[in-house]
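In: The sequence isn't on hand, but the structure is:
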Ligand code: ATP
């Protein structure tokens, strides 16, 4: 496993959010974390990337312990986060946003080649490379955030709700790009609320609710009714009498 999370507890100051979460991500696969609003998905990604402290439990990346490692060090080691809300620099051009991703020491020398690679995957970014990022549509901004992440030559890509706020058409486009990244052998952890779309590209699925893993299944074993019951916390035993 490229990423292993073992009984992690984390949250914000006195408020604990994650309750002994265990999860892993296999190399070259798409691992999907599904779950309702406020379930703790983003908090989990923050704990993995060192943005909030892990109070208990262990995280390992590529066989090495990385619990509470500094975020910049994790990026240097190949862990890239494509955050919810994209967090692009709106007052900079599309190309400068991409080049920022390529500025880390490990891949600085390859920045030009990586830029071509990003433009190959996202031709629309190439067309708009001299525009300010603030002029991009939501879908294009998502592509820019993904392109910037790829500029970091990641070994593990964490993508937080890429479909957020996008039309169904653009969601399909973004998901198709993630599927393409998968065919390139990349390792992806995808956080999504759009269950159907996520299941189309996932290899393994986790359902996180109330800061706990409620289900862990390979995608072929997923029973959609059961998944939805757990997702919406429906008491199926009572309902089915
Ligand atoms: P969403 O899909 O809405 O982003 P999520 O599963 O990613 O949901 P989180 O964002 O991880 O959920 O939130 C989990 C819990 O942590 C929520 O109760 C939320 O209010 C709380 N939380 C999130 N960010 C903070 C913060 N910066 N400070 C305090 N509490 C927070």
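Out: Done, it's in. These numbers were taken from a predicted model, which means no experiment stands behind them.
In: Could you use CA atoms for every contact and neighbour count after this?
Out: Will do.
In: where does this protein have its least confident helix or strand?
Out: Of all helical and strand segments in the chain, the minimum by mean pLDDT, DSSP states H and E falls on helix 236-239, at a mean of 52.
In: The most centrally placed residue in the chain: what secondary structure?
Out: The centroid of the chain falls nearest to residue 159 when counting by C-alpha atoms, centre = their mean (1.8 Å). Assigned with DSSP: H, G, I helix; E, B strand; the rest coil, residue 159 falls in the strand class.
In: ok, it - contacts?
Out: Residues near residue 159 by C-alpha atoms under 8 Å, 6 or more residues apart in numbering: 81-84, 188-191.
In: Domain map for the protein?
Out: For the chain, automatic domain parsing gives the domain ranges 1-78+155-167+186-241, 88-154.
In: which stretches of the chain form strands?
Out: 3-12, 15-25, 30-34, 54-61, 64-65, 79-82, 156-160, 187-192, 204-209, 212-218 (DSSP state E).
In: thinking again about what came up before, now do the same for the residue nearest to the centre of the chain: its pLDDT.
Out: In this model, residue 159 is scored at 96, pLDDT.
In: Residue 231: neighbouring residues, count only.
Out: Around residue 231 there are 20 other residues, counting by other C-alpha atoms under 10 Å.
In: Spatially nearest residue to it, not counting backbone neighbours?
Out: residue 35 (6.0 Å; C-alpha to C-alpha, 6 or more residues apart in numbering).
In: Between its first and last residues, what's the separation in stretch 20-36?
Out: Chord length of stretch 20-36, first to last residue, is 18 Å (C-alpha to C-alpha, to the nearest Å).
In: likewise stretch 151-166?
Out: OK, stretch 151-166 end separation, C-alpha to C-alpha: 23 Å.
In: Can you mark which positions in that stretch are buried?
Out: For stretch 151-166, burial by neighbour count (16 or more other C-alpha atoms under 10 Å) applies to 151-164, 166.
In: Can you name the residues that contact the residue nearest to residue 231?
Out: Residue 35 touches 41, 192-193, 207-209, 231, counting by C-alpha under 8 Å, 6+ apart.
In: do that again at 10 Å, thanks
Out: Contact analysis of residue 35 by C-alpha atoms under 10 Å, 6 or more residues apart in numbering lists 41, 191-195, 206-211, 213-214, 227-228, 230-232.
In: List buried residues within these.
Out: Neighbour-count burial (16+ other C-alpha under 10 Å) applied to the contacts of residue 35 gives 41, 191-195, 206-211, 213-214, 227, 230-231.
In: Any residues of this structure in contact with the ligand? List them.
Out: Within reach of the ligand by C-alpha under 6 Å from any ligand atom, the chain has these residues: 12, 17, 36-43.
In: taking those residues one by one, which sit in helices?
Out: Secondary structure defined by DSSP state H assigns 41-43 of those to helices.
In: pLDDT for those - can I get that in a markdown table?
Out: Below are these laid out as a markdown table (pLDDT from 0 to 100):
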| residue | pLDDT |
| --- | --- |
| 41 | 96 |
| 42 | 95 |
| 43 | 97 |
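In: tell me which of the residues you listed is nearest to residue 110?
Out: Among these, residue 42 lies closest to residue 110 (C-alpha to C-alpha), at 30.4 Å.
In: How much space separates the closest one from residue 118?
Out: Residue 42 is 25 Å from residue 118, where distance means C-alpha to C-alpha.
In: If you count surrounding residues, which of the two has more?
Out: Neighbour count, other C-alpha under 10 Å: between residue 42 and residue 118, residue 118 has more, with 22 against 18.
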